[in-house]
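Chemist: sequence and predicted model, in that order:
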Amino acid sequence: MSIRDVASFAAGHWIAPDKTAREIASAITGEVIARAGTARLDTQAMLDHARTVGGPALRAMTFHDRARMLKGVAQHLEANKHLLYDLSFDTGATQGDHLFDVDGGIGTTFVFASKGRREMPDSHVYCDGPVEHLSRHGSFLGQHICVPLQGVAVHINAFNFPVWGMLEKLAPTLLAGVPAIVKPATSTCYVTEAAVRLMLDSGLLPAGAVQLVSGGLGDMLDRLTCQDVVSFTGSSTTAHKLRQTPALVANSVRFVAEQDSLNASILGPDVLPDTEEFDLFLKEVQREMTTKAGQKCTAIRRILVPQAQVDAVIDGLRAALQGVTIGDPRAPETRMGALVSAAQKRDVLQRAAQIGTEATRVFGDPDAFAVVGADKDRGAFVPPMLFHCPDPDQAIHVHETEVFGPVSTVMGYRDLDHAVALANRGQGSLVASLITADPAVARDVTLNIAAYHGRVYINNATSMKEATGHGAPLPHMVHGGPGRAGGGEELGGLRAVKHYMQRTAVQGSPEILSAITGTWIPEGPEYTTPDHPFTRRFGQLRIGETLHTKPRQVTSADITQFAQFTGDTFYAHMDDDAAARNPFFPGRVAHGYLLLSFAAGLFVQPDEGPVLANTGLDSLRFMKPVQPGDSIKVRLTVKAKTPRNADYGEVRWHVSLRNQNDALVAEYELLTMVAR
Ligand code: NDP
């Protein structure tokens, strides 16, 4: 079998491994299948290429341009994912595992592509939070904005997810507008290299946006500056070492880390054997122990169950684990493949032995287990191993030693406080799960463990059919955790994107802030045109373009008619005396919805034209009641514009209603689709 040369992609060129390369063995056969690493990498040239070619090209694109690019890249990967499946078997992963790694990575990229279009503007500036009013008369305001860092993101990834591990960092980085240098773990870098080749083949990434280091990173970290970010996944030992790189410390380089985690799963005190929830608990634990042969940062390492259920849980898990066929991941009957390497197998066995000093192994013998379709002694196979720790209060290893394989420990708890204390003994983890049908238990546990966990996953019979699983990090939700887990948030919707952006407080007049953010601010300048704004197409409308309507009086007959027509005869609109007894109203008042309807009647231009639809209304506030005899007038202003497709875009209008004394009566944002 030929040995695959895994290249690096540096400053636009593929660089083959040299004689310093490391050999990579198949997890199944132990044979050398690839080699990676070169001493010829010019790390400064790679950084320069990212900073001077990739960064400017990405920053010239808007958030939406980059979101569309991500979508295209994900589509290209999706169309070619079988190539990644084929390669991944040699990492020890089964077809089921590929769904997490390959499909999970592509899915994550799609989610960021979609979030970029929905939650970010089609521009170069992201407004973080509302305008802050810093002055009495509104001539001086503040707005937090986020802009892409002008450096490079260095991604150092763990071996266990060669595709997802890359894409979960790359998607938010590229969406932010920052180029990346990806350094996968050497033992599985041949899969990452293939994925990078596919992404480049898509032709969608600008030059310099993505580079790849297969093998050692050399002195790259010594060359980072304040505009760069290191995003690391791997062991706490490596994280600890890399965090202290003098250049990173001296230049305050951001370091996002996701490292060891001793995740717990708690069986609620309300869940008894032979119930749906009890079976659900066993299923979640079994799945987390055996997916990726337990080499998952979110896997369940600690199984916390009421004392009375310890035996039933161990019996149930024994039966479930007995049914897991171990073997060549390509064999259809295989449910659990191999660890990634012989070295990882040694590490797992050594750490499992440490657990064994505090706990009894109740399932799985590494010296006696069956493997189908492969040579047990050549591949990095181990069986799932279940331990029982009788005294979890005194034990240390079960809470602190992460065995990165199919190994987990059952511990009994006395009461919920005890369960909480044990869960928190992990000193910070990525996820804790709880199986309970009792909302009071869920609240008690969540409030007491949330500070120690990045994610709390609660499941029961109501949610189990659709729940995504204890171990599945979702791009929308925080993935990361405090303390031992590294303190980072690799994922979490736009939170992940902000790691690669600078948040800056900008202060100035409304006009200046409007110009910077591309969004109209109520105190900002207004523009009028001879034509009604509803007759103007998306591209013609200008931020700040405003229509002032004539006033309309609201009579008591209007209010009565509206009440009878709609059926809303609430006393405040119908009964003067009753309304006056209400502390909010001086007497009978107009319905808020009547005011909105009159406002539309005042600002709408009725002819067929470019306004296609009214799609919603945000931030509605009624500030002052309107009584019979009062009049209202409307100001309608283009606040923001977002192209949606070739045919139309969304226009966000700021609408304010004032009375005859110029007092603000109501305010809202109206969303319309306008033809381009
Ligand atoms: P490592 O910490 O050994 O390696 C992680 C990454 O860091 C790899 O890409 C590795 O590259 C790189 N690296 C190591 N040393 C340096 C260095 N001096 N400079 C730059 N980069 C470096 O973790 P592994 O991936 O090997 O996994 C080992 C352990 O990490 C597991 O047993 C588990 O305990 C933990 N782990 C935890 C995860 C989590 O999210 N909780 C996920 C994965 C692993 P190279 O491969 O070339 O050495």
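Modeler: Yep, it's here.

Chemist: what strand or helix carries Thr38?
Modeler: Secondary structure assigned from DSSP states H and E places Thr38 in neither a helix nor a strand.

Chemist: distance between the ends of stretch 466-477?
Modeler: The first and final residues of stretch 466-477 sit 16 Å from each other (C-alpha to C-alpha, to the nearest Å).

Chemist: close to the ligand, is it?
Modeler: No. Applying C-beta under 6 Å from any ligand atom, one finds stretch 466-477 separated from the ligand by no less than 9.6 Å. (C-beta placed from N, C-alpha, C; glycine too.)

Chemist: would you list the phi and psi of the residue in the stretch 451-600 of the chain that the ligand sits nearest to?
Modeler: Among all residues of the stretch 451-600 of the chain, Ala485 sits closest to the ligand, at 6.8 Å; criterion: C-beta to the nearest ligand atom. According to degrees, to the nearest 10, the main-chain angles of Ala485 amount to phi -70, psi -10.

Chemist: for it, give me its contacts.
Modeler: Contacts were defined as C-beta atoms under 8 Å, 6 or more residues apart in numbering; by that measure Ala485 touches 258-261, 428-430, 454.

Chemist: the closest residue to it other than its chain neighbours - how many residues pack around it?
Modeler: Nearest residue to Ala485, sequence neighbours excluded (C-beta to C-beta, 6 or more residues apart in numbering): Ser261, at 4.5 Å. Around Ser261 there are 28 other residues, counting by other C-beta atoms under 10 Å.

Chemist: any idea how far Ser261 lies from the ligand?
Modeler: Distance check for Ser261 against the ligand: by C-beta to the nearest ligand atom, to the nearest Å, it reads 5 Å.

Chemist: mind putting the contacts of Ala485 in CSV, secondary structure, distance to Ser2 and pLDDT included?
Modeler: As requested, the contacts of Ala485 are exported to CSV (DSSP: H, G, I helix; E, B strand; the rest coil; distance: C-beta to C-beta, whole Å; pLDDT from 0 to 100):
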residue, secondary structure, distance to Ser2, pLDDT
Glu258, strand, 35, 94
Gln259, coil, 36, 92
Asp260, coil, 37, 90
Ser261, coil, 38, 94
Gly428, coil, 45, 96
Ser429, strand, 42, 96
Leu430, strand, 39, 96
Gly454, strand, 43, 97
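
Chemist: isn't Val655 up against Val634?
Modeler: Yes. At 6.4 Å, Val655 and Val634 qualify as touching, with contact defined as C-beta atoms under 8 Å.

Chemist: anything in contact with each of the two?
Modeler: The contact lists of Val655 and Val634 share 599, 603, where a contact means C-beta under 8 Å, 6+ apart.

Chemist: for this protein, what lies in contact range of the ligand?
Modeler: So far as C-beta under 6 Å from any ligand atom goes, the chain lies against the ligand at 156-160, 183, 185-187, 216-217, 233-235, 238, 242, 258-261, 297, 347, 402, 404.

Chemist: and the pLDDT for Leu41?
Modeler: Looking at Leu41, its pLDDT reads 94.

Chemist: which residues does it contact?
Modeler: Contact partners of Leu41, counting by C-beta under 8 Å, 6+ apart, are 8, 10, 15, 213, 218.

Chemist: now do the helices in the stretch 251-400 of the chain.
Modeler: With helices called from DSSP state H, counting those that start in this stretch, the stretch 251-400 of the chain shows them at 276-290, 310-322, 342-355, 397-400.

Chemist: tell me the pLDDT of Pro475.
Modeler: pLDDT for Pro475: 96.

Chemist: same question, Pro390
Modeler: For Pro390, the pLDDT comes out at 97.

Chemist: got it, and His240?
Modeler: Per-residue confidence (pLDDT) for His240: 94.

Chemist: and what of Met1?
Modeler: Taken from the predicted model, the pLDDT recorded for Met1 is 66.

Chemist: hang on, the earlier thing: in ChimeraX, how would I select the buried members of the residues of the chain next to the ligand?
Modeler: Here is the ChimeraX selection string for the buried members of the residues of the chain next to the ligand, based on 16 or more other C-beta atoms under 10 Å:
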select :156,157,158,159,160,183,185,186,187,216,233,234,238,242,258,259,260,261,297,347,402,404
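
Chemist: what are the phi and psi angles of the residue of the chain positioned farthest from its centre?
Modeler: The centre of the chain is farthest from one residue, Asp577, which by C-alpha atoms, centre = their mean lies 54.1 Å away. Per-residue torsions, Asp577: phi -70, psi -50 (degrees, to the nearest 10).

Chemist: where do the strands sit along the stretch 301-450 of the chain?
Modeler: For the stretch 301-450 of the chain, strands defined by DSSP state E, counting those that start in this stretch occupy the ranges 360-363, 385-389, 407-413, 429-435.

Chemist: sorry, back to before: dump the helices of the stretch 251-400 of the chain to TSV, plus distance to Pro329 and mean pLDDT.
Modeler: Putting those into TSV (distance: least, C-beta to C-beta, whole Å; pLDDT from 0 to 100) gives the following:
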stretch	distance to Pro329	mean pLDDT
helix 276-290	12	97
helix 310-322	18	97
helix 342-355	15	97
helix 397-400	29	97
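
Chemist: so which of those is nearest Val178?
Modeler: Ranking the helices of the stretch 251-400 of the chain by their distance to Val178 (criterion: C-beta to C-beta) puts helix 342-355 first, at 31.9 Å.

Chemist: show me the contacts for the closest residue to the ligand within the stretch 251-400 of the chain.
Modeler: In the stretch 251-400 of the chain, the residue found nearest to the ligand is Cys297; the distance is 2.7 Å by C-beta to the nearest ligand atom. Taking C-beta under 8 Å, 6+ apart, we find Cys297 in contact with 158, 160, 233, 258, 261, 430.

Chemist: of these, closest to Asn460?
Modeler: Leu430 (21.4 Å).

Chemist: I'd say the closest one and Gly480 touch.
Modeler: Yes. With contact defined as C-beta under 8 Å, Leu430 and Gly480 form a contacting pair (6.8 Å).

Chemist: can you name the two of the contacts of Leu41 that sit furthest apart?
Modeler: Taking C-beta to C-beta, no two of the contacts of Leu41 sit farther apart than Ile15 and Gly218, at 12.0 Å.

Chemist: returning to that earlier point: who's more crowded, Leu430 and Gly480?
Modeler: Of the pair Leu430 and Gly480, Leu430 is the one with more neighbours under other C-beta under 10 Å, namely 30 against 25.

Chemist: contact partners for the more buried one?
Modeler: Under the criterion of C-beta under 8 Å, 6+ apart, the contact partners of Leu430 comprise 258, 261, 263, 297-298, 453-455, 473, 479-481, 485.

Chemist: at 10 Å what do you get?
Modeler: With contacts taken as C-beta atoms under 10 Å, 6 or more residues apart in numbering, Leu430 has the following neighbours: 258-263, 296-299, 453-455, 471, 473, 478-482, 484-486, 488, 490.
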